[in-house]
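K.L.:
no sequence on hand, only this structure:
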């Protein structure tokens with residue numbers, strides 16, 4: 001039962017909240033599909049895209065829209081190459097490789 005004087009349906013504030021949450025979920029899905037760097041599990045201190053030894057706020061934000069990651073696996077060696085978005089075929093910004101030695105059963 002609605003209190004007197006209150007219009008039926010959801011209040012505007014709640015509609016805006018649901019809309020913002022829906023946009024956040026949609027952007028997260030797009031970012032994962034596009035391979036943006038922040039979806040690859042890279043830590044903030046590793047987002048030094050210009051190689052000057054310091055991570056600026058701009059570089060952190062670039063991982064949300066401008067830097068993509070491509071992961072390759074060759075045997076026990078796993079590499080992540082980071083590229084500027086739109087230039088995936090060009091020279092990578094950085095390549096991080098790890099080798100895992102798992103114990104055979």
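P.N.:
Received it, and whenever you're ready, just let me know what you need. As the structure is a prediction and not an experimental result, all values here were calculated from the model.
K.L.:
give the buried residues for the lengthiest helix in the chain.
P.N.:
Longest helix in the chain, counting residues (DSSP state H): helix 12-34. Residues of helix 12-34 classed as buried: residue 31 (neighbour count, 16 or more other CB atoms under 10 Å). Every residue, glycine included, has its C-beta placed from N, CA and C.
K.L.:
tell me the mean pLDDT over it?
P.N.:
Average pLDDT, helix 12-34: 95.
K.L.:
again, but for stretch 85-94
P.N.:
The model assigns stretch 85-94 a mean pLDDT of 83.
K.L.:
measure that stretch end to end?
P.N.:
Start-to-end span of stretch 85-94 (CA to CA, to the nearest Å) is 13 Å.
K.L.:
ok, back up a step: so what touches the helix or strand following the longest helix of the chain?
P.N.:
Counting by DSSP states H and E, the next helix or strand C-terminal to helix 12-34 is helix 57-62. Helix 57-62 is contacted by residues 37, 44, 47-50 when judged by CB atoms under 8 Å, 6 or more residues apart in numbering.
K.L.:
roughly how far apart are residue 80 and residue 47?
P.N.:
13 Å (CB to CB, to the nearest Å).
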